[in-house]
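> How does the following fold in three dimensions:
(one chain, ligands or ions: 1)
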Amino acid sequence: KGPDPDLVSIVERMATVKHKILVLSGKGGVGKSTFSAQLSFALAAMDFQVGLLDIDICGPSIPKMLGLEGQEIHQSNLGWSPVYVESNLGVMSIGFMLPHPDEAVIWRGPRKNGIIKQFLKDVYWGELDFLVVDAPPGTSDEHISIVQFLQATGIDGAIIVTTPQQVSLIDVRKEVNFCKKVGLPVLGVVENMSGLCQLLSELKFISMTDSGEQKDMTEWVIESMIEKAPEMLSFIAFSEVFDSSAGGGAKMCSDMGVSFLGKVPLDPQLCKAAEEGRSCFDDSKCLLSAPALKTIVEKL
Ligand code: ADP
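Numbers count the residues shown, from 1 in each chain. Model (predicted):
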C-alpha cells in the first residue's frame, strides 16, 4: 500500500508554512476561538504573515470574530483562497461555506473529517510564518486525524485554553494526556476568563424578602453588572482578591509538567472587541485583556 494521497497533498500544501500551532480546549465556551483570533491579530501586528484556519465545525465563530461575517471563499487554480482581514492575515473557516451559522452543528463525523482534510490540502495560503488552527473542543477521532495530518507536515505544538473552573481543568488534563499520547508538544496552557469563575463561586448576594426569607440574588446581580456596569465587573474580576494564584491552571501545569503561559482576565471590552470583529490590541479600552494577551504571545 502506497502513501495516503491526501497526506501527500497536505504535506505539499503545508511546505510553505513555517510554524503551525493548534489551539485546543477541553470544552466549548472557554474562549478558544477568541484566543485564536487575538493570537492571529497579535502575530499579524508583529508583521508576520499569518493564516487562521478554523476547523471548529461545532460553532464556527471565527468569521465574526475577525469582522468577516457574510464573506465567501473564492476558488482559483491554486486552490481555495482565504478571506483576508489585512494583506498579512488570511482566514479560512467552515463558517464561510454555510448559508446559516447553525448548519454545521448537525454534520456527522465523516463529513466533518472530509472538510477538515479538504481545508488542509486545498487552501492556498502562500508563504506563511504562522498557521493558527482553531480546533473543535474535546479529544475525538477528529482530533486524532487533524493531529496526524499536521504532524506529517511538522507541527510546532498545541496551546490549550481553559478557564479556572475545576471541570474545565479536568478537561485540560485530558487534553494534555491526549497530546502526550499522540506525541504532540504542548506549547502551554492559557487560563482565560481568569477571575470570573472565582468571582461567581465566591461572591454571594443575598436579599431579604419582606417575610424574612433569604433570597439568592447572585445571578441577577452579576447579570445586571455585565449589562449595566461592565467596567465594574472587570475591575472586580481582575482584582487579586479573586485571583487565587495557588490553584487553577498554574498548579495543574506544574503538576503535569507543561508550561503555563498566563492568565487572560475576564474583560467585557475583549468580549465586545470579539463581537465586533476587532483586535483588542488596537483598542485602548481593552485595558485588562490586551496586556495579558500580549505577554502570552511574547512567550511563544
Ligand atoms: P470557545 O471557542 O471556547 O467556544 P469563544 O471564544 O467563542 O469560546 O468564547 C465564548 C464567549 O466568551 C464569546 O462571546 C467571547 O467573546 C467571550 N470571551 C472569551 N474570552 C473572554 C474574556 N477573557 N473576557 C470576556 N469575554 C470573553
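> And for the residue nearest the centre of the chain, nearest residue in space, chain neighbours not counted?
The chain has residue 32 as the residue nearest its centroid, 2.0 Å off, counting by Cα atoms, centre = their mean. Nearest non-adjacent residue to residue 32, counting by Cβ to Cβ, 6 or more residues apart in numbering: residue 25, 4.1 Å away. The way it works is simple: take the backbone N, C-alpha and C, and place the C-beta from them, glycine included.
> Quick check: pLDDT value at residue 195.
Residue 195 carries a pLDDT score of 60 in this model.
> Residues of the stretch 101-250 of the chain that sit close to the ligand?
Counting by Cβ under 6 Å from any ligand atom, the stretch 101-250 of the chain comes close to the ligand at 192, 193.
> In the stretch 101-250 of the chain, what residue spans correspond to strands?
With DSSP state E, counting those that start in this stretch as the criterion, the stretch 101-250 of the chain has strands at 128-134, 157-162, 186-194, 206-208, 214-216.
> Specify the angle between the longest one and strand 157-162 in degrees.
Spelled out, it's strand 186-194. Angle between the axes of strand 186-194 and strand 157-162 is 20 degrees (criterion: axes from the mean of the first three to the mean of the last three Cα atoms, to 10 degrees).
> since we're on residue 192, how many residues are nearby?
By the measure other Cβ atoms under 10 Å, the count of residues near residue 192 is 28.
> Just list whatever residues bridge to it.
Under the criterion DSSP bridges, residue 192 forms beta bridges with residue 264.
> Touching, it and residue 163? I think so.
Yes. Shown here, residue 192 and residue 163 form a contact pair, counting by Cβ atoms under 8 Å, at 5.8 Å.
> between the two, what contacts are shared?
The overlap between the contact sets of residue 192 and residue 163 (Cβ atoms under 8 Å, 6 or more residues apart in numbering) consists of 30, 31.
> just to revisit the earlier point, got a list of what the residue nearest to the centre of the chain touches?
Here residue 32 is in contact with 23, 24, 25, 56, 134, 135, 137, 161 (Cβ under 8 Å, 6+ apart).
> And the pLDDT for it?
pLDDT, residue 32: 95.
> which phi and psi does it have?
phi -60, psi -50 (degrees, to the nearest 10).
> Quick check: the gap between residue 51 and residue 119.
From residue 51 over to residue 119 the distance is 11 Å, taken as Cβ to Cβ, to the nearest Å.
> who's more crowded, those two?
Just comparing residue 51 and residue 119: by other Cβ under 10 Å the higher neighbour count belongs to residue 51, 25 against 22.
> Pull up the gap between that one and residue 162, please.
25 Å.
> Ok, residue 224 next?
Taking Cβ to Cβ, one finds residue 224 at 27 Å from residue 162.
> got it, and residue 1?
40 Å.
> which residues are in contact with the longest helix anywhere in the chain?
Looking across the chain with DSSP state H, the single longest helix is helix 166-182. Here helix 166-182 makes contact (Cβ under 8 Å, 6+ apart) with 24-27, 30, 138-139, 143-144, 147-148, 151, 157-158, 160, 162, 184-186, 189, 248-249, 252, 256, 258.
> Now the buried members of those.
Neighbour counting by 16 or more other Cβ atoms under 10 Å classes 24-27, 30, 138-139, 143, 147, 157-158, 160, 162, 184, 186, 189, 248-249, 252, 258 among the contacts of helix 166-182 as buried.
> returning to that earlier point: among the contacts of helix 166-182, name the ones in helices.
143, 144, 147, 148, 151, 248, 249, 252, 256.
> and the two most separated of those residues?
Greatest spatial distance in the ones in helices among the contacts of helix 166-182: 148 and 248, 31.5 Å, computed using Cβ to Cβ.
> before we move on, the earlier item: of the strands of the stretch 101-250 of the chain, which approaches residue 72 most closely?
Across the strands of the stretch 101-250 of the chain, closest to residue 72 is strand 128-134 (Cβ to Cβ), at 19.4 Å.
> And that closest one, how far out from the chain middle?
From the chain centre to the centre of strand 128-134 is a distance of 13 Å (Cα atoms, centre = their mean, to the nearest Å).
> So what are the sheet partners of it and their directions?
Sheet pairing for strand 128-134, assigned by DSSP bridges, gives strand 17-25 (parallel), strand 50-54 (parallel).
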